[in-house]
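Peer 1: Need the 3D shape of this:
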Amino acid sequence: MGWLLLAQEEKSISTLKEPTKAQLVLLEKVYNEFRNFQYIPDVFPMEWEGYWRERFERLCGRKLDLEITVETDYYQIPSETLKRRGGDCEDLAILFVSIAKNLGISARAVSGSYQGPRDPKPLNHHWTEIYYRGKWQIVDPTLLVIRKKGIPFKKFIDNPEEYPTIIRIYCKYDDKVIEGILPRERAEAEKERVKKEAFDFLQNVFRNKRQREPSEIELKEISLISEDLFKKGWAVVQAGYPEDPRTLIQPDNPEVKSWIEKIKSSSKG
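Peer 2: So this is what the prediction gives:
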């Protein structure tokens, strides 16, 4: 599998073309439009009903009014990001790459981790790269969404060394080529963390309602009940990850085309 991906990557690079000045000018105008987007983190409410909830309520000695949310990645298609006028880092990267590819510019989405000078530890992130001056150059629309006055487009391509240090690359992909670990596979590494969070959540609810620490027998009961909560939460996590992220890069998406035409028209005016 690894050799196949490497061969695909080499074939892709051999056919890459430098973007024209006109293409870069239009891509910069598209990039600047991201100032009008919002950063929307992926947090989803989760229903938890049935036998196991009732069993937990008996353990707590009362009916519970629980608001349970799951924070996880949810990969949007470009038209959804345009409709919402926002998304999180992978959504913005997917939209930007789709637009760049529509304009005829070689581009790809990249997932990994980076660390800026003020970051205490590496942060997981999604950014984009365009092929320019014989190599892949980082362009990160998320920074423009978050900071509004963020890094100018020309600074990315003229001074790439000013971008935060890349610590690790998980995956690189466009609509045809993919290299690295699939997002869904990487999510599997979070399984034990999500399971522990479900247990810790129920344990804290018990403490608040009973105003004491659970006994050893009660802890075993909480652990058993938390398995059901975990399974439901894990289903939400899995639903957000695509089987193949290449399907999300959509240069020919009608909404993407329409948005580009609006930008072109406003530029002429």
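Peer 1: Can you name the residues bridging to residue 39?
Peer 2: Going by DSSP bridges, residue 39 is paired in beta bridges with residue 87.
Peer 1: Neighbours of it, how many?
Peer 2: Using other Cβ atoms under 10 Å, residue 39 has 14 neighbouring residues. From N, CA and C alone the C-beta is placed, and that goes for glycine too.
Peer 1: isn't it right next to residue 146, touching?
Peer 2: Yes. At 5.4 Å, residue 39 counts as touching residue 146 under the criterion of Cβ atoms under 8 Å.
Peer 1: Please identify which helix or strand holds residue 48.
Peer 2: Per DSSP states H and E, residue 48 falls between elements, in no helix or strand.
Peer 1: residues contacting it?
Peer 2: Counting by Cβ atoms under 8 Å, 6 or more residues apart in numbering, residue 48 touches 66, 68, 229, 232.
Peer 1: Those, buried ones only, as a ChimeraX selection?
Peer 2: Only the buried entries of the contacts of residue 48 go into this ChimeraX selection, using 16 or more other Cβ atoms under 10 Å:
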select :68,229,232
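Peer 1: Among the contacts of residue 48, which are located in helices?
Peer 2: Judged by DSSP state H, the subset of the contacts of residue 48 located in helices is 229, 232.
Peer 1: Quick check: the farthest pair among the contacts of residue 48?
Peer 2: 66 and 232 (12.4 Å; Cβ to Cβ).
Peer 1: Pick out the residue nearest the middle of the protein.
Peer 2: Residue closest to the mean C-alpha point of the chain, counted by Cα atoms, centre = their mean, is residue 90 at 3.3 Å.
Peer 1: mind checking how far it is from residue 242?
Peer 2: 10 Å (Cβ to Cβ, to the nearest Å).
Peer 1: where in the stretch 1-150 of the chain is pLDDT low?
Peer 2: 1-14, 148-149 (pLDDT under 70).
Peer 1: the helices in it, which residues?
Peer 2: 2-14, 21-33, 51-60, 78-84, 89-102, 141-147 (DSSP state H, counting those that start in this stretch).
Peer 1: Is it possible to get TSV of the ones you listed that adds distance to residue 113?
Peer 2: Output for the helices of the stretch 1-150 of the chain, formatted as TSV (distance: least, Cβ to Cβ, whole Å):
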stretch	distance to residue 113
helix 2-14	20
helix 21-33	23
helix 51-60	36
helix 78-84	22
helix 89-102	12
helix 141-147	14
